[in-house]
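> Next come a sequence and a model predicted from it.
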Amino acid sequence: MKAFKFGIFSLLLLSATIFSCSKSGGSGGAGKDTLTATVDGKSFNSSLTTSAVKDGSAISIAGTGSDGQINIGITSYTGPGTYSVSDKAIMTFATTSLPIEAWSANPVVGEGSVTITKDDDNYVEGTFNFKAYSSGGASSKTVSGGKFNVKLK
């Protein structure tokens, strides 16, 4: 049941960020929203959209590029610090072309962490790494060297 709940939360997080992402720029950090990483050895860049939303004790960060989307969600968010997948973080990678496939790292399956280094209520900045698995566990994706600097909405 716990795996089912985290799976549903992951899908809801993915769906929410797909439909709420927008391209934005700002005056914080580098002046342009960015989310970059290496996915299974291939460079990923959120060239299409980025989004970050903080709502009470949860934060969601997402970036969509031409070949996929990365989503990071932290439950029980308390500000800058490191959040592990084994505890409070959920991270996903999904393809953006048909057939849509998704891999998730959550407290039930997968590993990794996200470190928030800056949160000034305008921009959120940090780093992340994770290993995510498909719903049946048949395949995995390794996301490394992740960095983000995204305007909060």
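Thanks, I have the structure now.

> Now do the same for residue 136: its pLDDT.
Here, the pLDDT recorded for residue 136 equals 82.

> did I read that right, it in a strand?
No - per DSSP: H, G, I helix; E, B strand; the rest coil, residue 136 lies outside any strand segment and is coil.

> Please determine how far it is located from residue 119.
36 Å (C-beta to C-beta, to the nearest Å). In this view, the C-beta of every residue, glycine as well, is placed from N, C-alpha and C.

> And residue 45, by the same measure?
Taken as C-beta to C-beta, the span from residue 45 to residue 119 is 23 Å.

> More neighbours: those two, which one.
Between residue 45 and residue 119, counted using other C-beta atoms under 10 Å, residue 119 has the larger neighbour count: 18 against 14.

> Check the more buried one and give its pLDDT.
pLDDT, residue 119: 96.

> now it, nearest residue through space, not along the chain?
residue 80 (5.5 Å; C-beta to C-beta, 6 or more residues apart in numbering).

> my guess is the one you found contacts residue 118, does it?
Yes - using C-beta atoms under 8 Å, residue 80 is in contact with residue 118, at 6.6 Å.

> Low-confidence ranges, this structure, go.
Scanning the chain for pLDDT under 70 picks out the ranges 1-31.

> ok, which stretches of it are helices?
Ranges of helices in the chain, per DSSP state H, are 2-20.

> gap between residue 151 and residue 122?
From residue 151 to residue 122 the distance is 7 Å (C-beta to C-beta).

> meant to ask about residue 96
To residue 122, residue 96 is 28 Å away according to C-beta to C-beta.
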